[in-house]
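Undergrad: Just a sequence and a predicted model for now, questions to come.
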Amino acid sequence: MMLAVAAIRDGHPQRARDILSALSKEFPRNGLYARERDRVH
């Protein structure tokens with residue numbers, strides 16, 4: 001999750017979405033990752 005935050009801060013939203021998508025697939029019962037991925041523009 002912190003890597004996704006850093007990617008957003010550094011201006012790499014696609015990288016953040018990729019990280020959050022991977023976390024969402026690895027931990028499907030944790031909806032936080034999918035919700036945060038959907039918030040990244």
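TA: Structure's in. What do you need?

Undergrad: what about Arg15, helix or strand, and which?
TA: helix 13-26 (DSSP states H and E).

Undergrad: elements contacting that helix?
TA: helix 2-9, helix 31-39 (3 or more Cβ pairs under 8 Å, 6 or more residues apart in numbering; DSSP states H and E). For glycine as for every other residue, the C-beta is placed from the backbone atoms N, C-alpha and C.

Undergrad: Find the centremost residue of the protein, please.
TA: Leu20 (2.5 Å; Cα atoms, centre = their mean).

Undergrad: List the contacts of that one.
TA: Applying Cβ atoms under 8 Å, 6 or more residues apart in numbering to Leu20 gives the contacts Met1, Ala4, Tyr33, Ala34, Glu36, Arg37, Val40.

Undergrad: cool, and Ala4?
TA: Arg15, Ala16, Ile19, Leu20, Leu23, Glu36, Val40.

Undergrad: Surely the fifth one and Tyr33 touch.
TA: Yes: using Cβ atoms under 8 Å, Leu23 makes contact with Tyr33 at a distance of 4.2 Å.

Undergrad: Now do Arg15 against Ala34, distance only.
TA: In this view, Arg15 and Ala34 are 17 Å apart by Cβ to Cβ, to the nearest Å.

Undergrad: now do Ala22
TA: Taking Cβ to Cβ, one finds Ala22 at 11 Å from Ala34.

Undergrad: Pro28: neighbour count?
TA: 10 (other Cβ atoms under 10 Å).

Undergrad: now do Ser24
TA: Ser24 has 18 nearby residues by other Cβ under 10 Å.

Undergrad: Can you give me the end-to-end span of stretch 7-19?
TA: 9 Å (Cα to Cα, to the nearest Å).

Undergrad: Give the buried residues for it.
TA: Within stretch 7-19, the residues scored as buried using 16 or more other Cβ atoms under 10 Å are Ala7, Ile8, Arg15, Ala16, Arg17, Asp18, Ile19.
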